[in-house]
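Asks: pasting the structure only:
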């Protein structure tokens with residue numbers, strides 16, 4: 001890697017180099033302003049829209065009062081005259097360009113071989129409100145936002161311990177996204193921390209435009225074939241703080257309103273915030289209910305398909321589960337079509353304006369539900385079981401786990417339709433193998449068994 005180019009002593013040389021590196025003439029929001037400071041020529045760069053006008057005006061109003069006699073001979077002594085705390089010096093052009101593009105104001109003074117960075121930036125930010133997908137009945141009602149410093153402050157507010165470390169790393173040759181590792185240095189696994197830190201620093205990608213998903217893909221590498229998620233995501237700062245206090249590592253990415261938690265297991269995936277806020281018996285009941293519903297969600301339709309292929313296995317007590325009506329379309333095709341239809345309705349609801357969501361629900365419930373059965377496309381029993389599966393998916397707080405379960409259910413369905421009982425057993429074995437071999441960055445799988 002080439003050495004970064006040092007700044008010049010002459011202002012005109014620094015300005016010429018900065019104007020060559022930055023599209024000042026082409027970009028309307030990239031501003032350069034020339035001023036006279038203490039009898040010396042000076043120039044500063046900033047991005048309009050990412051700079052706090054009021055703070056910068058107060059700073060300029062103060063330093064413009066410096067007389068030529070009071071003007072220091074170097075940048076280190078000049079920053080002592082700034083009525084502001086977040087002021088540092090810059091020694092090379094690469095750092096100066098990065099700071100400007102990050103939203104900071106960079107000041108060049110004639111005769112100084114160092115520039116001055118002023119962190120008076122501000123970002124557009126929404127309110128710190130409770131996330132829609134991760135609600136709690138009794139917990140706090142705040143959530144992460146897209147501004148990194150606000151997210152770290154929400155964690156700091158809950159953990160007032162000097163052992164809490166916020167380590168920042170820059171990723172992406174073009175985006176230069178800020179990635180923060182949050183951990184308790186007296187509780188975190190040192191081997192896990194070093195592994196994650198080294199892997200993040202070794203990432204060579206142009207950008208992290210998709211925020212945490214881009215980072216996760218770069219960290220996972222070739223292990224994409226296993227559908228089960230390798231990270232736990234949460235939009236709640238209280239959940240993140242609780243995980244950090246348990247010795248886990250949290251990863252925050254700028255512009256992402258959620259945190260990645262490592263290490264994780266299947267038991268961490270099915271936890272939610274309410275488990276921490278209810279009494280022990282209530283929390284235990286909710287966890288057991290969630291696990292049982294998860295198991296039923298995976299095996300309900302495959303077991304039903306297997307029994308329909310072998311009706312002699314159904315005890316007389318449960319004869320009512322057998323389909324009495326005429327089957328116009330094979331059951332496997334009915335189940336697969338409904339799996340796709342459920343996702344179609346979910347996507348339609350996601351992209352439907354709020355004012356039209358109620359008519360869409362009525363249309364989906366009456367027309368697609370009632371008339372699809374009466375027309376002979378689907379049998380009533382199939383619609384009932386798939387409706388349960390669709391609703392049961394929302395009992396899981398983890399979105400990625402819900403789709404992993406869906407993929408495994410479809411695989412077991414297809415294997416059962418093709419090979420009957422051997423196919424069903426093969427699908428179950430495949431499910432167990434994927435759970436046992438799903439390695440995370442910590443080297444542990446979902447069962448918390450150390451893998452060599």
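Replies: Done, it's in. All figures in this text were calculated on a predicted structure; none of them were measured in a lab.
Asks: did I read that right, residue 42 in a helix?
Replies: No - secondary structure of residue 42 (DSSP: H, G, I helix; E, B strand; the rest coil): strand, not part of a helix.
Asks: any weak-confidence spans in the chain?
Replies: Regions of the chain meeting the criterion pLDDT under 70 cover residues 1-2, 221-224, 354-371, 442-446, 448-452.
Asks: Quickly find the element holding residue 145.
Replies: Per DSSP states H and E, residue 145 falls between elements, in no helix or strand.
Asks: looking at it, it is touching residue 130, isn't it?
Replies: No - applying C-beta atoms under 8 Å as the test, residue 145 and residue 130 come out as separate, 11.7 Å apart. Bear in mind the C-beta positions are built from the backbone N, C-alpha and C, glycine included.
Asks: ok, the two, which is more surrounded?
Replies: Per other C-beta atoms under 10 Å, whichever of residue 145 and residue 130 has more neighbours is residue 145, with 21 against 15.
Asks: now the more buried one: how far from residue 256?
Replies: Distance check for residue 145 against residue 256: by C-beta to C-beta, to the nearest Å, it reads 10 Å.
Asks: what's the closest non-adjacent residue to residue 300?
Replies: Leaving aside its chain neighbours, residue 300 sits nearest to residue 385 (5.8 Å; criterion: C-beta to C-beta, 6 or more residues apart in numbering).
Asks: May I ask which helix or strand encompasses that neighbour?
Replies: helix 380-392.
Asks: For that helix, name the packing helices and strands.
Replies: Contacts defined by 3 or more C-beta pairs under 8 Å, 6 or more residues apart in numbering; DSSP states H and E place helix 380-392 against helix 280-309, helix 331-350, helix 372-374.
Asks: From residue 245, how far out is residue 186?
Replies: 11 Å.
Asks: higher neighbour count, those two?
Replies: Neighbour tally, residue 186 and residue 245, criterion other C-beta under 10 Å: the higher count belongs to residue 245, 14 against 11.
Asks: returning to what we had before: can you get me a residue count around the residue nearest to residue 300?
Replies: 18.
Asks: What separation do you get for it and residue 425?
Replies: Noted for residue 385: a distance of 21 Å to residue 425, by C-beta to C-beta.
Asks: And for residue 217?
Replies: 33 Å.
Asks: what's across from residue 35 in the sheet?
Replies: Taking DSSP bridges as the rule, residue 35 bridges to residue 42.
Asks: isn't it right up against residue 60?
Replies: Yes - the criterion here is C-beta under 8 Å, and residue 35 meets it with residue 60 at 7.5 Å.
Asks: Could you check which of these two has the larger neighbour count?
Replies: Legend: neighbour count by other C-beta under 10 Å for residue 35 and residue 60, higher for residue 60 (17 against 14).
Asks: Confirm that one sits in a helix?
Replies: Yes - with three-state DSSP as the criterion, residue 60 is assigned to a helix.
Asks: quick one: buried residues of stretch 100-115?
Replies: 100, 102-110, 112, 114-115 (16 or more other C-beta atoms under 10 Å).
Asks: for stretch 259-274, same thing?
Replies: Those would be 259-266, 268-274, for stretch 259-274 by 16+ other C-beta under 10 Å.
Asks: How far off centre is that stretch?
Replies: 13 Å (C-alpha atoms, centre = their mean, to the nearest Å).
Asks: for stretch 430-439, same thing?
Replies: 24 Å.
Asks: One more: stretch 256-271?
Replies: Relative to its chain's centre, stretch 256-271 lies at 10 Å (C-alpha atoms, centre = their mean).
Asks: distance between the ends of that stretch?
Replies: 21 Å (C-alpha to C-alpha, to the nearest Å).
Asks: what's the answer for stretch 216-234, then?
Replies: Start-to-end, stretch 216-234 (C-alpha to C-alpha) is 14 Å.
Asks: which parts of that stretch are buried?
Replies: 216, 218-220, 226-234.
Asks: can you pull out the strands in this structure?
Replies: 30-37, 40-47, 87-90, 105-109, 115-118, 164-171, 177-184, 232-234, 249-253, 259-262 (DSSP state E).
Asks: would you turn these into a markdown table with distance to residue 348?
Replies: As requested, the strands of the chain are exported to a markdown table (distance: least, C-beta to C-beta, whole Å):
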| stretch | distance to residue 348 |
| --- | --- |
| strand 30-37 | 42 |
| strand 40-47 | 39 |
| strand 87-90 | 51 |
| strand 105-109 | 47 |
| strand 115-118 | 48 |
| strand 164-171 | 35 |
| strand 177-184 | 33 |
| strand 232-234 | 24 |
| strand 249-253 | 30 |
| strand 259-262 | 30 |
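Asks: of all those strands, which lies closest to residue 56?
Replies: strand 105-109 (6.1 Å; C-beta to C-beta).
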